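Student: here is my input; please provide its structure:
(2 chains)
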2 protein chains.
Amino acid sequence: MTNMPAVEESDQATAQPVIVSPAQFLNYWQGNRRLTRRMIEAFPEDELFSFSVGGMRPFGVLAWEIHQVSELTLSGLRTGEWPMPNWRDGTSSDRAELLNAWDALTARIEAELPEVDVTHYSRLHALPWGEMSGWAAAIYNIDNEIHHRGQGYVYLRALGIEPPMFPAYMAP
Amino acid sequence: MTNMPAVEESDQATAQPVIVSPAQFLNYWQGNRRLTRRMIEAFPEDELFSFSVGGMRPFGVLAWEIHQVSELTLSGLRTGEWPMPNWRDGTSSDRAELLNAWDALTARIEAELPEVDVTHYSRLHALPWGEMSGWAAAIYNIDNEIHHRGQGYVYLRALGIEPPMFPAYMAP
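Tutor: Numbering: from 1, shown residues only, chains lettered A, B, ... in the order given. Model (predicted):
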């Protein structure tokens, strides 16, 4: 935590250089979500919640985890509250239900992420897995998605299925 | 490209909110590099450049690709020049050589990333795989690392080896 630059709120709009704007960050997250959604669709229905390599979780289970972490991240960035998800809540082994939940959250992110107070990215937040800045929480959420999606690429290849092009979501 | 907010250089220091500071971005990239380095070390020496699942590239080959994209990204962000890497240049199937190259680039990133003109993140750059902002180029580079590292997790599990904890690099 010692490496985090101390940023006074009053300095934020005047002294800090810009690496990514809120609009770019939204595009980036949504682009990742589009690619992960294509991965969910790419699996044969009977393999999505059963196929695995090396004893790892099936891709459908990983996708529900991504969904829950993403939902927590959106609400945490807005409200500052980060309750531990109940991982079994609302999950199922039905692809249509997963895609419905996915699409509903995509719409929420589109509407609600722009409402996040930008000072929340530099503030520290108490996540279930540790204290970190809003930036770290937001980017960890996407890293988690990419990490597990990359695992899904191996599953698809092991099934003899060509996965969607990576990254395919590059936007400015 | 149409979604990118037009940002005048003169506005950058005064009008744009901050999601991530240059120091945080450096920590984030280096934290990812530390975890990927641990993955390179986690493979048995004789499997690093040979073991594969589903006909994919072995992890050592993926790690060299990560290295080359990272090297291009560092120099491209600094100079605006993005020549297509010669993917076979300087690569080998020797773990020590890979780790030496890895560590040398880690030191360069530590020294040189802070020297990147922050306006380069909002400008468009002509990468070998398309035109994008410096931000998109920088984050794609890390996404590529996470994507392939996630694949390495499956390889290790398929080999019966416990991979390092993910993410483990969370810093503020």
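Student: show me where chain A has helices.
Tutor: With DSSP state H as the criterion, chain A has helices at A:9-15, A:22-42, A:45-48, A:59-79, A:95-112, A:119-122, A:134-158.
Student: can you tell which of those helices is closest to chain B?
Tutor: Each of the helices of chain A has some distance to chain B by C-beta to the nearest C-beta; the shortest is helix A:134-158, at 3.0 Å. All C-beta spots, glycine's among them, are computed from the backbone N, C-alpha and C.
Student: quick revisit: winner for burial among the helices of chain A?
Tutor: Most buried of those, by mean neighbour count (mean count of other C-beta atoms under 10 Å in any protein chain shown): helix A:134-158, with a mean of 24.
Student: show me how far that helix is from its chain's centre.
Tutor: What separates the centre of helix A:134-158 from the centre of its chain is 8 Å, taken as C-alpha atoms, centre = their mean, to the nearest Å.
Student: what angle do it and helix B:22-42 make?
Tutor: 30 degrees (axes from the mean of the first three to the mean of the last three C-alpha atoms, to 10 degrees).
Student: between helix A:59-79 and helix A:134-158, find me the angle.
Tutor: Here helix A:134-158 points in a direction 170 degrees away from that of helix A:59-79 (the same axes, to 10 degrees).
Student: what's helix A:134-158 packed up against?
Tutor: Contact here means 3 or more C-beta pairs under 8 Å, 6 or more residues apart in numbering or on different chains; DSSP states H and E; on that basis helix A:134-158 packs against helix A:22-42, helix A:59-79, helix A:119-122, strand A:124-127, helix B:22-42, helix B:134-158.
Student: save those as a markdown table, and put in mean pLDDT and distance to residue B:126 too.
Tutor: Rendered in a markdown table, the data for these read as follows (pLDDT from 0 to 100; distance: least, C-beta to C-beta, whole Å):
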| stretch | mean pLDDT | distance to residue B:126 |
| --- | --- | --- |
| helix A:22-42 | 96 | 18 |
| helix A:59-79 | 97 | 32 |
| helix A:119-122 | 94 | 29 |
| strand A:124-127 | 95 | 37 |
| helix B:22-42 | 96 | 22 |
| helix B:134-158 | 97 | 10 |
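Student: Throw the ones you listed into a markdown table and include distance to residue A:141, thanks.
Tutor: Formatted as a markdown table, the entries for the helices and strands packed on helix A:134-158 read as follows, by distance: least, C-beta to C-beta, whole Å:
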| stretch | distance to residue A:141 |
| --- | --- |
| helix A:22-42 | 8 |
| helix A:59-79 | 4 |
| helix A:119-122 | 13 |
| strand A:124-127 | 10 |
| helix B:22-42 | 13 |
| helix B:134-158 | 12 |
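Student: quick one, which of those gets closest to residue B:65.
Tutor: Shortest separation from residue B:65 across the helices and strands packed on helix A:134-158 is recorded for helix B:134-158, at 7.0 Å, computed as C-beta to C-beta.
Student: go through the helices of chain A and name the closest to residue B:146.
Tutor: Distances from residue B:146 to each of the helices of chain A were compared by C-beta to C-beta, and the smallest falls on helix A:134-158, at 4.4 Å.
Student: to residue A:148, which of the helices and strands packed on helix A:134-158 lies closest?
Tutor: Between residue A:148 and these, the shortest separation by C-beta to C-beta is 4.1 Å, and it involves helix A:59-79.
Student: returning to what we had before: for the helices and strands packed on helix A:134-158, which one sits closest to residue A:146?
Tutor: Distances from residue A:146 to each of the helices and strands packed on helix A:134-158 were compared using C-beta to C-beta; the shortest belongs to helix B:134-158, at 4.4 Å.
Student: so what's residue A:103 closest to, chain neighbours aside?
Tutor: Taking C-beta to C-beta, 6 or more residues apart in numbering or on different chains, and ignoring the residues beside it in sequence, residue A:103 has residue A:37 as its nearest neighbour in space, at 7.9 Å.
Student: hang on, I meant residue A:87
Tutor: The shortest distance from residue A:87 to any residue other than its chain neighbours is 6.4 Å, reached at residue A:68 (C-beta to C-beta, 6+ apart).
Student: anything in stretch A:45-65 near chain B?
Tutor: Yes: contact check for stretch A:45-65 against chain B, using C-beta under 8 Å from any C-beta of the partner chain: residues in range are A:53, A:54, A:55, A:56.
Student: now, of those residues, which are buried?
Tutor: Buried subset of the residues of stretch A:45-65 next to chain B (neighbour count, 16 or more other C-beta atoms under 10 Å in any protein chain shown): A:53, A:54, A:56.
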